[in-house]
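Trainee: quick check, what structure comes out for this input:
(one chain, ligands or ions: 1)
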Amino acid sequence: MSPDPLAEFRRVVSIRARQFPEQWEASKKLIEGAAFPSTFARLCEAIQRTDLLVSVKETLVCLFERSVPRRVQDLDGECLKSVTGLPPAKALRALAIFFELVPAAAAKWPVAHVSSEEVETIVRSLDNPFDLLRRTDVASVLEIGAGDLSFAEELVDLYGSDLTQHHRPFVIHCLDRLDPRSQLGGPLHANPERQQKLQRMEGLSFSFFGNQDMFELGDLDRRELLAPRYTIATCWAPATPTFAYEPTRLSEALIRNELERTKGVFHQTRFGKEHALEVRHAGRALLFPPWKFEIVGPLALLRLLARRGLLCVLGSVDGQVFWELLAQLLEEPRYRPPDQTFSPVNLPMIFGEVYTALAGLSIGESIDLAEVAALRRHYLRSDASPSMDGVADHFRYVRISRGATFPGIPVSSTARKFASMTEEAPPWFITLVPA
Ligand SMILES: C[S@@+](CC[C@H](N)C(=O)[O-])C[C@H]1O[C@@H](n2cnc3c(N)ncnc32)[C@H](O)[C@@H]1O
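Mentor: A predicted model of the protein is given here:
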């Protein structure tokens, strides 16, 4: 006796659903509120184009050709059970896995299908680089050093409802090294109400990782809590002095002298039960998290952003971090003089025509850096990963804009503060496309 085709189909569907727990978990998102109609439409399409035994196909076509339901509960539960052996929600998830709506590899977080050439073309046509989120199949953002999460909130306010309406996945992952339990760090702590609001938002997959060093992502990656690559990787007001001195061109002794000269003498101490850094400045003792004066430099930051984002955006970059970072982006070694700190006096000499072009920018204006000087090539892969495929090794497009806030562009709380501090030099906004 030949086996009942429906019984055989049920068996295979249930084996596949149990085979990969991560895919099973990921399939849950596909049937939730905003994602449901597009999942239903993709299933209809997959059923039409897949070769199946006639009786199985007929049953499935009949089930899916009815008018588009709004929720799982609106589907014919009995019929779903006859093809999958499962109750409606689980049945739909199992079918989504069977028809490969959840990719087998990197099942957890979708990555946008767009080449770096396409990203460049799109971004060149946009005043607001974050609008790339409207143009790719996946809208995902990684924010490093996220502070109080106000940028994430502005991002969601701007794009959330549009992406939800179009049933597009919207993923925002934020992280910050500040330990949420720490008494230090003041207003930079993730705002708990904002965090909860973002976590509860329908159609948005939001996570915040506190006490998380951006250069120690191995554990989050192993647990698949981060996507391998995001549509946009962003950092707002990159920390000083962490990114203000580049250790590949400045010696440790010089950096220490500079820190003591400009910030004051410092040492590790305790604040209650916590470790802390004490800095003596203008006759006062200031306390910071213990890692505040760990110097990493902008090259490591650029490498991290390029590895994680199809597009990278740095907002509200202060003058000191900016020139050190710019030196890394340009081809000629003369922009990276060994063991010489940058100062208002030597910047015009070291950066020459680049300095003139940038100093001439008014607030809100931009330049395409490659039009002023050659962009550096082959430097983003660190020595540890020289042969890794798909890892960017330079930026193909760099746009530099002057100012803290820009019309229609979501920004962080530090950027908003900059805008009202008229005695501070305006910061920089940098859009980079890795190649
Ligand atoms: C100047 S604040 C900017 C905060 C926020 N992005 C904004 O613009 O308002 C720099 C932030 O980077 C975080 N940070 C510094 N070093 C970090 C690291 N290695 N990993 C993750 N976050 C870091 C700090 O805790 C701080 O919240």
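
Trainee: confirm residue 277 sits in a helix?
Mentor: No: when classified by DSSP: H, G, I helix; E, B strand; the rest coil, residue 277 is found to be strand rather than part of a helix.

Trainee: please name the bridge partners of it.
Mentor: Note on residue 277: beta-bridge partners by DSSP bridges are residue 268, residue 288.

Trainee: and the gap between it and residue 340?
Mentor: 26 Å (Cβ to Cβ, to the nearest Å). Where you see a C-beta, it was placed from the backbone N, CA and C, and this is true even at glycine.

Trainee: compare neighbour counts for the two and give me the winner.
Mentor: The residue with more neighbours, out of residue 277 and residue 340, is residue 277; 19 against 12, by other Cβ atoms under 10 Å.

Trainee: for that one, give me its contacts.
Mentor: Residue 277 is in contact with 266-269, 287-293, counting by Cβ atoms under 8 Å, 6 or more residues apart in numbering.

Trainee: in stretch 184-199, what's buried?
Mentor: Across stretch 184-199, burial judged by 16 or more other Cβ atoms under 10 Å covers 184-185, 188-191, 194-195, 198.

Trainee: following the helix or strand that residue 310 is a member of in sequence, what is the next regular element?
Mentor: Assigned by DSSP states H and E, residue 310 belongs to strand 309-317. The helix or strand immediately downstream of strand 309-317 is helix 319-329, counting by DSSP H and E.

Trainee: got the contact list for that following helix?
Mentor: Counting by Cβ under 8 Å, 6+ apart, 238, 240-241, 243-246, 249, 297-299, 301-302, 314, 317, 335-336, 342, 347, 350-351, 354, 358, 369, 375-376, 379, 395, 398, 400, 425, 427-428, 430, 432 sit against helix 319-329.

Trainee: just those residues: which are in strands?
Mentor: Using DSSP state E, 314, 317, 395, 398, 400, 428, 430, 432 are the members of the contacts of helix 319-329 that sit in strands.

Trainee: name the nearest residue to the second one, ignoring sequence neighbours.
Mentor: The shortest distance from residue 317 to any residue that is not its chain neighbour, by Cβ to Cβ, 6 or more residues apart in numbering, is 4.5 Å, and that residue is residue 428.

Trainee: what residues does this structure put near the ligand?
Mentor: Taking Cβ under 6 Å from any ligand atom as the contact definition, the chain meets the ligand at 144-147, 175-178, 188, 213-215, 236-237, 239, 242, 316, 412-414.

Trainee: thinking again about what came up before, let me know the closest of the buried residues of stretch 184-199 to residue 128.
Mentor: The closest of the buried residues of stretch 184-199 to residue 128 turns out to be residue 198 (Cβ to Cβ; 20.7 Å).

Trainee: could you confirm that closest one falls within a helix?
Mentor: Yes: the assignment for residue 198 (three-state DSSP) places it in a helix.

Trainee: so how far is residue 261 from the closest residue to it other than its chain neighbours?
Mentor: When the adjacent residues along the chain are set aside, residue 198 lies closest to residue 206, with 4.2 Å between them (Cβ to Cβ, 6+ apart). According to Cβ to Cβ, residue 206 and residue 261 sit 42 Å apart.

Trainee: ok, what's across the strand from the spatially most central residue of the chain?
Mentor: In the chain, the centroid-proximal residue (Cα atoms, centre = their mean) is residue 142; its distance is 1.6 Å. Beta bridges link residue 142 to residue 173, residue 233, judged by DSSP bridges.

Trainee: list the residues that contact it.
Mentor: Contacts of residue 142 (Cβ under 8 Å, 6+ apart): 173-175, 226-227, 230, 232-234, 308-309.

Trainee: can I get the residues you listed in TSV with neighbour count and pLDDT?
Mentor: Putting the contacts of residue 142 into TSV (neighbours: other Cβ atoms under 10 Å; pLDDT from 0 to 100) gives the following:
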residue	neighbour count	pLDDT
173	24	98
174	25	98
175	23	98
226	21	95
227	22	94
230	26	96
232	26	98
233	25	98
234	27	98
308	23	96
309	25	97
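
Trainee: now, among those, which is nearest to the ligand?
Mentor: For those, the closest approach to the ligand (Cβ to the nearest ligand atom) belongs to residue 175, at 5.9 Å.

Trainee: so how far is stretch 53-71 from its chain's centroid?
Mentor: Relative to the centre of its chain, stretch 53-71 is centred 38 Å away, using Cα atoms, centre = their mean, to the nearest Å.

Trainee: same deal with stretch 163-181?
Mentor: Centre to centre, stretch against its chain (Cα atoms, centre = their mean), the figure for stretch 163-181 is 8 Å.

Trainee: would you indicate which residues of that stretch are buried?
Mentor: 163-164, 167-178.

Trainee: tell me how the chain divides into domains.
Mentor: 5-98, 116-245+292-434 (automatic domain parsing).

Trainee: contact partners of stretch 155-167?
Mentor: 34-35, 37-38, 130, 133-134, 139, 141, 169-170, 172, 198, 201-204, 206, 408, 410.

Trainee: before we move on, the earlier item: now the buried members of the contacts of helix 319-329.
Mentor: Buried by 16+ other Cβ under 10 Å: 238, 240-241, 243-246, 249, 297-299, 301-302, 314, 317, 335-336, 342, 347, 350-351, 354, 358, 369, 375-376, 395, 398, 400, 427-428, 430, 432, out of the contacts of helix 319-329.

Trainee: ok, back up a step: TSV for the buried residues of stretch 184-199, including secondary structure and pLDDT?
Mentor: Output for the buried residues of stretch 184-199, formatted as TSV (DSSP: H, G, I helix; E, B strand; the rest coil; pLDDT from 0 to 100):
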residue	secondary structure	pLDDT
184	coil	95
185	coil	88
188	helix	94
189	coil	96
190	coil	96
191	coil	97
194	helix	97
195	helix	97
198	helix	96
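
Trainee: from these, pick the one nearest the ligand.
Mentor: Closest to the ligand, out of all of the buried residues of stretch 184-199 and judged by Cβ to the nearest ligand atom, is residue 188, at 3.9 Å.

Trainee: what helix or strand is residue 25 located in?
Mentor: helix 21-31.

Trainee: tell me the buried residues in that helix?
Mentor: Buried, per 16+ other Cβ under 10 Å, within helix 21-31: 23-24, 26-27, 29-31.

Trainee: pull the distance from it to the chain's centre.
Mentor: Worked out by Cα atoms, centre = their mean, helix 21-31 lies 22 Å from the chain centre.

Trainee: stretch 30-41 too?
Mentor: 24 Å.
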